[in-house]
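1. below are the sequence and a predicted model for it; my questions follow.
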Amino acid sequence: MEKVKSITQNEKIKLFFQQRKPILEDWKHTFYLWKSTPLAMIGTVLIIIFLGIAILAPLLTSYNPTAQNMNERLLAPSSQHIFGTDQYGRDVFSRVVYGTRVEVWIIFVVSIISIIIGLIVGIIAGYFGGVADEVLMRITDMFLAFPRLVLAMVLTAALGPNLTNTMIAIALVDWTIYARLGRAEAMKVKSQPYIEAIRAMGANDLRIIVFHVLPMSISPVIVQLTLRMGTIILTAAGLGFLGLGAQPPTPEWGAIVSDGRSYLVDQWWITTFPGIAIAIVVLGFNLLGDGIRDILDPRLRR
Amino acid sequence: MQTEAERNNLVHIEHLKKYFAVKQGLFSSPKYVKAVDGVSLDIPKNSTFGIVGESGSGKTTIGRTILRLIEPISGVVRYLSIDITSLNKKELRIFRRKMQIVSQDPYNSLHPRKLVKNIIGEGLQIHFKLSSEEIYKRVRDILEEVGLREEHMFRYPHEFSGGQRQRIAVARALVLKPEFLVLDEPTSALDVSVQAVILKMLKDLKREFSLTYLFITHDLAVIDYMADYMAVMYLGQIMEIGSKNDIFSSPMHPYTLLLLNSIPYPDPRKKKKKVLPIGEIPSPIDPPQGCRFHTRCPYMKDKCVKEEPEIREIGTGHLVKCHFPLV
Amino acid sequence: MQKVRGNLLNISKLKVVFYTYRGIIKALNGVELWMNKGERLGIVGETGCGKSVTALSIMGLIEQPGEIIEGDILFEDKLLTSMKETSLINIRGKEISMIFQEPVAALNPVMRVGFQIAESIARSKKNNNVKEVYVEVRRMLEIAGLDWKRTIDLYPHELSGGMAQRVMIAMALSSNPKLLIADEPTSALDVTIQAQILELLDELVKKFGNAVILITHDMGVAAEFCDKMAVMYAGNMVEYARTTNIFENPYHPYTRGLLKAVPKIGRTDELQSIRGIVPDLVNPPSGCRFHPRCKHATDICRKKIPPLIKIKSGHYVACYLYWKEGIKSAN
């Protein structure tokens, strides 16, 4: 057999980019699909604004969200205070703006915790099957049996009402979805012929789980995550409203809404503006999530 | 003390059994699919041993059970003189290097999200501590052996045709320099012209690397082309076993004869009146009593329904499991 | 319409494309095909050659994103390609029937087998009398080699592959069609079952006189069952002759290559492969689509697609190798 000349370093670099091309084509196609789904675009824009506000908070308002000023209590919206002030003289606008940071933090922590717990439980159940599967799935069922908000309330109440515990509580309610996903992926991947081939090569279970099952689980998890973000915010807001979440003076939107409860008739601005903020952001996430699901789905129908 | 023949065997299998439990619900006793039900055979070094059978014969299960990708419930598999059925996980891992498998489905046997380079190289990463350059070199060399080029390393499986993907699967199996390869219907999903290329390649590689093959298929014409020895399986058991030439020239088991009759011969000049098996293939959950083939055998007699036949040797190395072999 | 060569079916210059996001798949590139009443024609070829698309075109079952963009299909005296769906319905399942590769999948999973056959009989014979129809159902099941008492009330998933295919055959032949199209009817079945099904088809078709188009990738099946064979490659028919002539005297380089690649029991010479791979039908080769793989390819092969040439009585090839012998294009 004639010796084929080995490819040069330059050619290797060219190949490296060339092989990335199909991935780029894929992204271009995704982008094109995204542009043609108006709802997804609206959702994305809303979320980008939301994140933008969180990042740029100090630039948007000069008021300290927690600073009380009893001289300026209950002022109606004006050019000084765009959203008015609450009963402690705090600028509502800056509370809403800084509230975005709180929300982002909540989403981040809750997601991380619930995904980690969910995937560990789900993948172990799906991959190893048998007794482990039965036991873990029964535990999952137990968590699912309770209405989400009630369970979150109970957990928060039990752990003590503060923001960290709220986040833990919501994560403990949410992880079950990821467990189901992880289990489905693990079961699906486990029976694929290419896994059998790798096992024939001597790979052990840990290697298969980490290098094969986990990467395949990531995309459905991300889709699910985007769909759930709206719910996370709503739950956090609900708990905050009940006083179980962030404690004063943290400007969590649900808590702010709660603050304005007794002033609803005359000083409507305290409750209304954070309420609108919640609605818009949740809407944005829902639209984005739906859009992502739609984009991914028909493409699979190729 | 080993006989001459025994020393020449690479793989020795004795009374291998694999049953799969079928869920029956909470209150009924479990049923079993007797996929492999007491199979014994020997595979000589550097030979190609063919296993032929239809649905339910157990041919798919047996390849995997030998490699312990599916754990047998009883029986012994000896590789050279080592009993691999009794090895623990760690020891088995070392043996994995010597025994590899190429499966039927070219579309799912390669990880769809990995580059060919990593698909082939993964085995090397598991077993050897090699530098990435070393791995690169070995992958490149093995790709050449199967007729692919260096730049193919940087592509994904879906960019290749079925035949090319099977080549990649073979490359992956060979990169660890095994001695024994289980080929489970490697060309059944490929077109005729592609099959010819792959079969020839397999023959060449076997010669070049002194491999031993276990070749599993339903296609007797392919067995004729590839195998030196063969076994005919039916519902989990071996009905006939021997050298390929012996079996093709004088089949002794009625099932073998009927199988040969059933194959449409690609030559219109050779049309013969055939005796065909009767009825459907029974389910391996409830195989017939006595001789498993009796429900479809045109030569069936009373004894066949009541007693399971012994395995008898007729002619050197030619064994048959039948009360009334065709001699 | 080109010369009418068969008294049952004539396909002329059939071009079918499929519009996909990847591009336009030029699946059929001017197919010529014909057959007579009562004949058995085998269409052989490898994946992607267009044999199934041809069958679906005859049945009028090409749907979006596919389209017949050119060509005629003449069935007896009816031009199928210009008929509307409402008229095609009267032919489908009655004068032309089809059976498929995966029989269990082709049956309605929520209806009992007896009912499905009854439905098709009622439609084709325009008879709504339940008693009479079921008498016929039982008769057809028996003819198909099934014990009707045991099978008539089963659901498709309770049948084995072989039994399901018998049910399909019963359904397809219940209207005594002039043409039965069988698309890889035995490819998904075990070898021994395949032999039984082929034997059944052979018996029944002999008895009832239907013409059969048998589509297969298995040369052995074609050799056993068919009187004539049409070899297809990448959307064209490349050779057409009596089965014995295809095997004894193949003319087209592709047919020759294919025959040399098929393993046969008792064959002693090495298998030979055709170099290259089947072309991408979105960007097919120019001219003769086989030219990149053909060692006899010349300039004209690359430029123009070869017409069908009549080499001998009843034997046609689409290849320029035989053009230069002064043989004119088949008329």
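-> That came through, no problem. Remember, predicted model here, so these are calculated numbers, not experimental data. Numbers count the residues shown, from 1 in each chain, chains lettered A, B, ... in the order given.
2. and the host helix or strand of A:Val121, what does it pack onto?
-> Element membership of A:Val121 [criterion: DSSP states H and E] is helix A:92-128. Applying 3 or more Cβ pairs under 8 Å, 6 or more residues apart in numbering or on different chains; DSSP states H and E, one finds that helix A:92-128 contacts helix A:38-60, helix A:130-145, helix A:163-190, helix A:205-208, helix A:214-241, helix A:253-259, helix A:269-300. C-beta here means a position set from N, CA and C on the backbone, and glycine is covered the same way.
3. out of these, the one nearest C:Asn176 is which?
-> helix A:269-300 (43.4 Å; Cβ to Cβ).
4. deepest of the helices and strands packed on helix A:92-128, which one?
-> Mean neighbours per residue, mean count of other Cβ atoms under 10 Å in any protein chain shown, is largest over the helices and strands packed on helix A:92-128 for helix A:253-259, with a mean of 25.
5. so B:Tyr107: helix, strand or coil?
-> coil (DSSP: H, G, I helix; E, B strand; the rest coil).
6. tell me the contacts of it?
-> B:162, B:165, B:189 (Cβ atoms under 8 Å, 6 or more residues apart in numbering or on different chains).
7. mind listing what's buried in stretch B:132-148?
-> B:135-136, B:138-140, B:142-148 (16 or more other Cβ atoms under 10 Å in any protein chain shown).
8. now for those residues: which two are most distant?
-> Greatest spacing in the buried residues of stretch B:132-148, by Cβ to Cβ: B:Ile135 and B:Gly147 (20.6 Å).
9. before we move on, the earlier item: out of the contacts of B:Tyr107, flag the one nearest to chain C.
-> B:Gly162 (8.2 Å; Cβ to the nearest Cβ).
10. roughly how far does that closest one sit from chain A?
-> 14 Å (Cβ to the nearest Cβ, to the nearest Å).
11. and B:Pro72, by the same measure?
-> 16 Å.
12. am I right that that residue falls within a helix?
-> No. Counting by three-state DSSP, B:Pro72 is not found in a helix; it is coil.
13. was I right about it contacting B:Val36?
-> Yes. The criterion here is Cβ atoms under 8 Å, and B:Pro72 meets it with B:Val36 at 7.3 Å.
14. joint contacts of those two?
-> With Cβ under 8 Å, 6+ apart, B:Pro72 and B:Val36 have common neighbours B:16-18, B:65.
15. filter those to the buried ones?
-> The buried subset of the shared contacts of B:Pro72 and B:Val36 - by 16+ other Cβ under 10 Å - is B:16-18, B:65.
16. which of these sit farthest apart?
-> Pairwise across these, and taking Cβ to Cβ, the largest span is found between B:Lys17 and B:Thr65, at 8.7 Å.
17. who touches both of these two?
-> With Cβ under 8 Å, 6+ apart as the test, B:Lys17 and B:Thr65 both reach B:36, B:72.
18. secondary structure element for C:Ala170?
-> Judged by DSSP H and E, C:Ala170 forms part of helix C:161-173.
19. run through who's touching the following helix or strand past that helix.
-> With elements assigned by DSSP H and E, the helix or strand that comes after helix C:161-173 is strand C:179-183. With contact meaning Cβ under 8 Å, 6+ apart, strand C:179-183 is reached by C:8-9, C:51-52, C:55, C:58-59, C:75, C:95-101, C:172-173, C:201, C:205, C:210-215.
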